[in-house]
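J.: structure here, sequence nowhere to be found:
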Ligand SMILES: C[S@@+](CC[C@H](N)C(=O)[O-])C[C@H]1O[C@@H](n2cnc3c(N)ncnc32)[C@H](O)[C@@H]1O
């Protein structure tokens, strides 16, 4: 067994892994590896006209800042949803629900649905289930995800700690989303996080009407 695999099976690794369930640790980790993400997201969405947002896998609510109108964050983690509610307790335009939209019905209609660092947590079947539920309820779908820098051992550790089991190459991410017949790619970009640990893709899809 390679040294890295031995490490990821160790009890020390398991303890580190579960540290990420804690909202404060999760936020510190985001700041460490993803500095600059906010600027990139704002620039990427600058010319897109939307108001309401549904944020799938909203975590602790970091990306509620993209909202220009009503915002709903949904996540399977009760701890994250509670932390997000506390954070935005004085802003009634930001609502949070504990929900798995890959299998449950999502309430409401939105201009933009976003998945920020969530795609790599979902299997192909979960993504397709999500698209079936979400595409009828939104005009735009914004995806930000990471992709592997396999030569970088720090990145490998952080990928493992992040627990996304479905890290895909950018072309694969795009192909998967475009399996939904109503979506077309409107814009895409990518960047290296300043630490050089992660590389990110940004993709905007728009629903097209047939006929
Ligand atoms: C890496 S975190 C990203 C959180 C947030 N979008 C951010 O960028 O700060 C991935 C999030 O996806 C959530 N998640 C994973 N599977 C999910 C599912 N099936 N439905 C909703 N949320 C899910 C996790 O609970 C976690 O909060």
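T.: Yep, that arrived. Computed from a prediction, not measured in an experiment: that's the story for all the values here. Residues are numbered from 1 along each chain as shown.
J.: what are the phi and psi values at residue 106?
T.: Residue 106 adopts backbone torsions of phi -90, psi 130, taken as degrees, to the nearest 10.
J.: same check, this time on residue 19
T.: In terms of degrees, to the nearest 10, the main-chain angles of residue 19 are phi -60, psi -30.
J.: which residue, other than its chain neighbours, is closest to residue 209?
T.: residue 182 (8.0 Å; Cβ to Cβ, 6 or more residues apart in numbering). All C-beta spots, glycine's among them, are computed from the backbone N, C-alpha and C.
J.: what is the burial count for the closest residue to residue 57 other than its chain neighbours?
T.: Nearest non-adjacent residue to residue 57, counting by Cβ to Cβ, 6+ apart: residue 118, 3.3 Å away. Close neighbours of residue 118, defined as other Cβ atoms under 10 Å, add up to 20.
J.: one more: residue 104?
T.: Residue 104: 13 neighbours (other Cβ under 10 Å).
J.: on the three-state scheme, it is what?
T.: Classification of residue 104 using DSSP: H, G, I helix; E, B strand; the rest coil returns coil.
J.: need phi/psi at it.
T.: Residue 104 has phi and psi values of phi -110, psi 160 when expressed as degrees, to the nearest 10.
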